[in-house]
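Visitor: For reference, the sequence and a predicted model appear below.
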Amino acid sequence: MDQGNKHFHEPEKQGSWWFSRTGLTAGVFLGFIAFFLVTEHTAHTLQFLPWLIILLCPFMHMFMHHGGHGHNHDEDK
């Protein structure tokens, strides 16, 4: 029973938000903020670098173990 209703159609696929006009504007704005934060506040940002490296350790550990899933070595037997 095709009634020819053309207003029922597939929704259009949308691209990534980062490639929209708003996303590109936000990316440029965040780039400017990051640039001026590093260039104008180098003394402030560099003093926290050792602490940031130490804080990365738990995140690296979590991602290296794929979210903390347990390892069951009994399955090999």
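Guide: It's in.
Visitor: can we go C-alpha only for contacts and neighbour counts from here?
Guide: Fine.
Visitor: separation between the residue positioned nearest the centre of the chain and residue 30?
Guide: The residue lying closest to the centre of the chain (C-alpha atoms, centre = their mean) is residue 18, at 11.1 Å. According to C-alpha to C-alpha, to the nearest Å, residue 18 stands 12 Å off from residue 30.
Visitor: and what of residue 53?
Guide: Per C-alpha to C-alpha, residue 53 is found 22 Å from residue 30.
Visitor: Comparing the two, which residue is more hemmed in?
Guide: Neighbour count, other C-alpha atoms under 10 Å: between residue 53 and residue 30, residue 30 has more, with 12 against 9.
Visitor: From residue 64, how far out is that one?
Guide: Per C-alpha to C-alpha, residue 30 is found 29 Å from residue 64.
Visitor: After whichever helix in the chain runs longest, which helix or strand is next?
Guide: Secondary structure of the chain per DSSP state H: the longest helix is helix 21-40. Per DSSP states H and E, helix 21-40 leads on to helix 42-46 as the next helix or strand towards the C-terminus.
Visitor: Show residues contacting that following helix.
Guide: Helix 42-46 is contacted from outside by residue 38, using C-alpha atoms under 8 Å, 6 or more residues apart in numbering.
Visitor: CA atoms only for the helix or strand bottoming out on mean pLDDT in the chain - export them in PDB, please.
Guide: Lowest on mean pLDDT, DSSP states H and E among the helices and strands of the chain sits helix 42-46, with a mean of 83. This file holds the C-alpha atoms of helix 42-46, laid out as PDB (Å, rounded to 0.1, in the frame of the first residue of the first chain):
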ATOM      1  CA  THR A  42      54.900  29.900  30.800                       C
ATOM      2  CA  ALA A  43      56.300  30.300  34.300                       C
ATOM      3  CA  HIS A  44      53.000  29.300  35.800                       C
ATOM      4  CA  THR A  45      52.300  26.400  33.500                       C
ATOM      5  CA  LEU A  46      55.800  24.900  33.700                       C
END
